[in-house]
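1. build me a model:
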Amino acid sequence: MIQTLFRNTILLALLTLSLAACSTAKVANSEEEQRLRNQSPPADMALVYIVRPSAVGAAIRMGVTCDSISIGSTSGMRYIYAFVKPGKRQFISTAENTDELLLVVEAGKTYYIEQVPTIGIAYARNKLKRADDEAGRKKLAKCKLSGDCPAYAPKK
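-> All right, here's what the predicted structure looks like:
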């Protein structure tokens, strides 16, 4: 009986984590979603989208930082974005492993970084890679905004 109770508790915890990891931001409508996918950065900043268009390890959240500051986390088929200062920026994604991508960004430009998950030993691993504009926009179109994107502020 204790084993059954323990097993059920673990399964419930895993289910709760899986559901939480799949959350999306409360985007009002499709027009708002389109606005988010087609933003322009301010003249003095760069816009960086981190896209995770794969369902591999979908329930596993992968946190992302830019210069050691959290810019959110993704789960499968989700994206986040951040406005960053121009210059050399260090993006780090954490899963079973940690991956780093150094990117020199220019003010007024938009960049796309793909977070590529793979099966790991305990849970998903990841790799960050730069996507060109065309591929980045296509991958972004497949994703929904993550529920953990601090840059998102709903339009009122």
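2. how many neighbours does the spatially closest residue to T118 that is not a sequence neighbour have?
-> Spatial nearest neighbour of T118, excluding adjacent residues (C-beta to C-beta, 6 or more residues apart in numbering): R125 at 4.9 Å. For every residue, glycine as well, the C-beta is placed using N, CA and C. R125 sits with 21 neighbouring residues when counted by other C-beta atoms under 10 Å.
3. residues touching R125, list them.
-> By C-beta atoms under 8 Å, 6 or more residues apart in numbering, R125 lies in contact with 95-97, 117-119.
4. one more time with 6 Å
-> 95-97, 118 (C-beta atoms under 6 Å, 6 or more residues apart in numbering).
5. out of the residues you listed, who has the most neighbours?
-> A95 leads the contacts of R125 on contacts (other C-beta under 10 Å) with 23 neighbours.
6. now do that residue against T74, distance only.
-> Per C-beta to C-beta, to the nearest Å, A95 is found 10 Å from T74.
7. find residues that contact each of these two.
-> The contact lists of A95 and T74 share M62, where a contact means C-beta under 6 Å, 6+ apart.
8. kindly export stretch 135-154 (C-alpha atoms) in PDB.
-> Extracted in PDB, the C-alpha atoms of stretch 135-154 (Å, rounded to 0.1, in the frame of the first residue of the first chain):
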ATOM      1  CA  ALA A 135      14.100  29.900 -41.500                       C
ATOM      2  CA  GLY A 136      13.600  31.700 -38.200                       C
ATOM      3  CA  ARG A 137      10.300  33.200 -39.200                       C
ATOM      4  CA  LYS A 138       9.100  29.800 -40.400                       C
ATOM      5  CA  LYS A 139      10.100  28.100 -37.100                       C
ATOM      6  CA  LEU A 140       8.500  31.000 -35.100                       C
ATOM      7  CA  ALA A 141       5.200  30.500 -37.000                       C
ATOM      8  CA  LYS A 142       5.000  26.900 -35.700                       C
ATOM      9  CA  CYS A 143       5.300  28.000 -32.100                       C
ATOM     10  CA  LYS A 144       3.100  29.700 -29.500                       C
ATOM     11  CA  LEU A 145       4.300  32.200 -26.900                       C
ATOM     12  CA  SER A 146       5.700  30.500 -23.800                       C
ATOM     13  CA  GLY A 147       3.900  31.200 -20.500                       C
ATOM     14  CA  ASP A 148       7.400  32.200 -19.200                       C
ATOM     15  CA  CYS A 149       8.400  35.200 -21.300                       C
ATOM     16  CA  PRO A 150       9.100  38.200 -19.100                       C
ATOM     17  CA  ALA A 151       9.300  40.500 -22.100                       C
ATOM     18  CA  TYR A 152       5.600  39.900 -22.900                       C
ATOM     19  CA  ALA A 153       3.300  42.700 -21.800                       C
ATOM     20  CA  PRO A 154      -0.300  42.300 -23.200                       C
END
